[in-house]
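Student: build me a model from this:
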Amino acid sequence: MLLLALDTATSAVTVALHDGARVVAEESLADARRHAETLTPMIASVVASAGHRPGELTDVAVGVGPGPFTGLRVGLATAVTLGLTLGIPVHGVCSLDALAHAVAGSGGAPEDFLVATDARRKEVYWASYRCSAGMPQRISGDPQVSRPGELPDQIRALPAAGRGPVLYPDCFAGALEPLDVPAGALASYVVARLARGHELLAAQPLYLRQPDAKPSAGMKSVLPR
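Tutor: Model (predicted):
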């Protein structure tokens with residue numbers, strides 16, 4: 001196996017290469033405004049630094065969000081294009097789950113914790129997790145988007161990873177690392193689930209609300225009345 005993992009659902013552009021046993025190369029850049037310019041060169045750099053060529057890839061894994069519309073579609077479009085070009089499978093992963101996997105693998109993770117990422121508009125994308133046998137299990141159901149101050153008290157009382165507790169420290173009990181999805185954790189999560197025969201998501205965006213930009217409802221006349 002030679003799995004390329006990437007995520008653009010959070011503030012970071014992140015890419016990693018996993019050989020089925022370990023992460024062999026990884027790069028990340030926290031810059032929410034340069035996903036498109038950064039991702040492709042970063043993929044080339046990660047693959048080359050591990051001594052491989054793109055044609056050797058066997059799988060692609062990509063974070064499907066939730067995340068801001070523009071950044072998220074950059075990663076998904078790139079992953080799907082690679083899969084089609086190389087004729088290899090593309091595995092989708094909830095980006096909150098990948099971040100939770102990073103928390104669980106960091107050592108000393110709390111039994112129960114929250115992942116809360118920046119959803120803009122003064123909101124966060126969030127889900128709560130419980131560590132079981134070293135794997136995070138989502139216990140709050142599907143990912144949700146909320147204003148931090150409107151989260152249930154029992155949710156706000158949990159230590160939280162992601163940028164949510166950094167942006168809104170008064171709304172969360174405490175902050176955990178990491179702030180953004182690390183592609184190495186996403187890759188390890190996918191490898192572990194494939195080894196156990198678990199299904200992964202389709203490479204389709206997980207949007208929890210409509211994009212800010214919407215097409216016009218109709219043409220406006222410029223002729224004088």
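
Student: got the phi and psi for residue 79?
Tutor: As for residue 79, its main-chain torsions (degrees, to the nearest 10) stand at phi -60, psi -50.

Student: and the next element down the chain from whichever strand or helix holds residue 37?
Tutor: If you go by DSSP states H and E, residue 37 is part of helix 35-49. Using DSSP H and E, the helix or strand that follows helix 35-49 in sequence is strand 59-63.

Student: between that following strand and helix 35-49, how big is the angle?
Tutor: Put simply, strand 59-63 runs at 150 degrees to helix 35-49, going by axes from the mean of the first three to the mean of the last three Cα atoms, to 10 degrees.

Student: buried residues in strand 59-63, which are they?
Tutor: Going by neighbour count (16 or more other Cβ atoms under 10 Å), the buried part of strand 59-63 is 59, 60, 61, 62, 63. Glycine gets a C-beta too; all of them are placed from N, C-alpha and C.

Student: please apply the same query to stretch 6-16.
Tutor: 6, 7, 8, 9, 10, 11, 12, 13, 14, 15, 16.

Student: for these, which one is nearest residue 134?
Tutor: Of all the buried residues of stretch 6-16, residue 16 has the smallest distance to residue 134: 19.1 Å, by Cβ to Cβ.

Student: would you agree the closest one falls within a strand?
Tutor: Yes: assessed by DSSP: H, G, I helix; E, B strand; the rest coil, residue 16 belongs to a strand.

Student: that one: what's it in contact with?
Tutor: 4-6, 23, 25-27, 46, 182-184, 186-187 (Cβ atoms under 8 Å, 6 or more residues apart in numbering).

Student: likewise for residue 40?
Tutor: Here residue 40 is in contact with residue 78 (Cβ under 8 Å, 6+ apart).

Student: how close does it get to residue 75?
Tutor: As for residue 40, its distance to residue 75 is 11 Å (criterion: Cβ to Cβ, to the nearest Å).

Student: and the next helix or strand past the helix or strand of the chain with the lowest mean pLDDT?
Tutor: Ranked by mean pLDDT, DSSP states H and E, the weakest helix or strand in the chain is strand 135-138, scoring a mean of 90. Sequence order places strand 144-146 as the next helix or strand after strand 135-138, per DSSP H and E.

Student: so what strands line up beside that following strand?
Tutor: strand 123-132 (antiparallel) (DSSP bridges).

Student: how about the partner strand: buried residues?
Tutor: 123, 124, 125, 126, 127, 128, 129, 130, 131.

Student: from those residues, pick the one nearest residue 160.
Tutor: residue 126 (7.9 Å).

Student: you'd agree that closest one is up against residue 147?
Tutor: No: here residue 126 does not reach residue 147: they are 10.7 Å apart, not a contact under Cβ atoms under 8 Å.

Student: mind listing the shared neighbours of these two?
Tutor: With contacts defined as Cβ under 8 Å, 6+ apart, no residue is shared by residue 126 and residue 147.

Student: hmm, back to that, same list (the contacts of residue 16) but as CSV, adding distance to residue 112.
Tutor: Listed next are the contacts of residue 16 as CSV, based on distance: Cβ to Cβ, whole Å:
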residue, distance to residue 112
4, 32
5, 26
6, 29
23, 27
25, 33
26, 28
27, 31
46, 33
182, 21
183, 25
184, 24
186, 22
187, 25
